[in-house]
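Engineer: attaching a predicted model along with its sequence, questions to come.
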Amino acid sequence: MIGRIAKILKEDGVEHPTMASLFDGIGGFPLVSQRHGIEPVWASEIEEFPIAVTKIHFPERGEDEEINTNIISSSSDGKDGDDSIRGT
């Protein structure tokens with residue numbers, strides 16, 4: 001499914017697709033997304049074990065344990081219905 005989403009995004013002209021993962025678990029969706037060319041830029045998880053597993057796959061995510069509550073924003077291009085969730 002992620003591969004199909006990545007293909008559709010590229011066909012629609014999205015050059016650098018990104019994704020955010022709320023209730024991330026062990027980081028399965030970000031891992032598969034990355035393998036299909038979608039950059040995971042933000043994730044949230046509170047349980048220690050899933051965080052430890054995710055850090056194995058994404059060590060560059062760092063040690064920030066604070067959840068950024070300002071992740072929802074509207075697109076600035078003015079298109080109707082083009083709201084999105086973006087990592088900060």
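Structural biologist: Okay, I see it.

Engineer: below-threshold pLDDT in this structure: ranges please.
Structural biologist: Confidence mapping of the chain against pLDDT under 70 gives the ranges 61-88.

Engineer: can you map out the helices along it?
Structural biologist: Per DSSP state H, the chain carries helices over the ranges 2-11, 28-35, 48-57.

Engineer: now do the phi/psi pair for residue 13.
Structural biologist: Here is the backbone geometry of residue 13 (degrees, to the nearest 10): phi 90, psi 10.

Engineer: nearest to residue 19, of the helices of the chain?
Structural biologist: Closest approach to residue 19 among those is made by helix 28-35 (5.1 Å; CB to CB). No exception for glycine: its C-beta is placed from N, CA and C like everyone else's.

Engineer: identify the residue nearest residue 30 in space, chain neighbours excluded?
Structural biologist: residue 40 (3.5 Å; CB to CB, 6 or more residues apart in numbering).

Engineer: any idea what the one you found is bridged to?
Structural biologist: Under DSSP bridges, the beta-bridge partners of residue 40 are residue 19.

Engineer: got the contact list for it?
Structural biologist: 18-21, 27, 29-31, 33-34, 58 (CB atoms under 8 Å, 6 or more residues apart in numbering).

Engineer: out of the residues you listed, which is nearest to residue 44?
Structural biologist: residue 21 (7.1 Å).

Engineer: tell me the spacing between the residue nearest to the closest one when sequence neighbours are not counted and residue 8.
Structural biologist: In space, and not counting its chain neighbours, residue 21 is closest to residue 43: 4.2 Å by CB to CB, 6+ apart. Taking CB to CB, to the nearest Å as the measure, residue 43 falls 23 Å from residue 8.

Engineer: repeat that for residue 45.
Structural biologist: Residue 45 sits 27 Å away from residue 8, going by CB to CB.

Engineer: tell me which of the two has more neighbours.
Structural biologist: residue 45 (19 against 11; other CB atoms under 10 Å).

Engineer: so which of the helices of the chain is the most packed in?
Structural biologist: helix 28-35 (a mean of 17; mean count of other CB atoms under 10 Å).

Engineer: that's all I had, so thanks and see you.
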